[in-house]
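**Q** mind looking at a prediction? Sequence and model below.
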Amino acid sequence: MTPSVALLNANVLYPAPLRDILLQLALAGIYQARWSDEIAIEWRRSLIANRPELAERIDRTRAAMLRAFPDALVTDYALMVASLTLPDPDDRHVLAAAVRCAAEVIVTFNIKDFPPDALAPFGIVAQHPDVFLHSLAVEMPRDVLACVRQCVARLSSPPVTVVEYLAVLRRLGLMETAEFLDVNRHEWQP
């Protein structure tokens, strides 16, 4: 089965723990992650506005993402933007990139900005990252749990406990995902 293609909006790339798990799942081949340079610029700009001291680290992260996912960057969608209609015209580039890369899902916290009637003609749905992650976990529990184990293992300076990791996910609004991980913690805790 070919993994589904998901376009990651800037707001799901912004929080490092969420970005880490989304990219780890893509690296494991559970789905294909895509984003545009415009999305990456928006993510970088927002993060630097709040944490300017992280600018150099963010640039290294962006470069590492492109090395790890050389096919993830969506291009050649600009001509489509003007023909699309969304509640927030500034989000049209996201839908255009999703259409261009044949994404089945736009993973975003801003579900209301991507109404089903605007996406349906393209065969795309918008999903909150919790819905997206939880559906992957239900479909492929062992694979997802193995990826989470790797994510938590990387958090070593300082080490993060299972309880702390789950608390971070809950603060990000990933309630279903955190509950799934909590119930299955014996499968992934370091």
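**A** Received it, and whenever you're ready, just let me know what you need. Here the structure is a predicted model, which is why all the values come from computation and not from measurement.
**Q** I'd like the distance between residue 18 and residue 144.
**A** Distance of residue 18 to residue 144, given as CB to CB, to the nearest Å: 14 Å. Heads up, the C-betas are built off the backbone N, CA and C, glycines and all.
**Q** ignore the last one, residue 183
**A** 13 Å.
**Q** of these two, who's got more company?
**A** Comparing residue 183 with residue 144 by other CB atoms under 10 Å, the one with more neighbours is residue 144, at 26 against 9.
**Q** find the nearest non-adjacent residue to the more buried one, please.
**A** residue 137 (4.4 Å; CB to CB, 6 or more residues apart in numbering).
**Q** the one you found falls within a helix, correct?
**A** Yes: counting by DSSP: H, G, I helix; E, B strand; the rest coil, residue 137 is found in a helix.
**Q** what's the neighbour count on it?
**A** Residue 137: 23 neighbours (other CB under 10 Å).
**Q** residue 168 now?
**A** Neighbours of residue 168 (other CB under 10 Å): 17.
**Q** how about it: what's its closest non-neighbour residue?
**A** residue 17 (5.2 Å).
**Q** touching, the one you found and residue 166? I think so.
**A** No: counting by CB atoms under 8 Å, residue 17 does not reach residue 166; the two are 10.7 Å apart.
**Q** just the helices in this protein please.
**A** 10-13, 16-27, 37-50, 55-68, 78-81, 92-100, 116-119, 129-139, 141-154, 162-171, 175-183, 185-188 (DSSP state H).
**Q** buried set for the fourth one?
**A** Along helix 55-68, these residues count as buried under the neighbour rule (16 or more other CB atoms under 10 Å): 58, 61, 62, 65.
**Q** so which of those comes closest to residue 78?
**A** residue 62 (20.2 Å; CB to CB).
**Q** per-residue pLDDT, that closest one?
**A** Per-residue pLDDT puts residue 62 at 92.
**Q** wait, it touches residue 45, no?
**A** No: here residue 62 does not reach residue 45: they are 11.7 Å apart, not a contact under CB under 8 Å.
**Q** what distance do you get for the residue of the chain most remote from its centre to residue 38?
**A** If you look at how far each residue of the chain sits from its centre, by CA atoms, centre = their mean, the farthest one is residue 83, at 25.7 Å. Relative to residue 38, residue 83 is positioned 17 Å away (criterion: CB to CB).
**Q** understood, closing this out.
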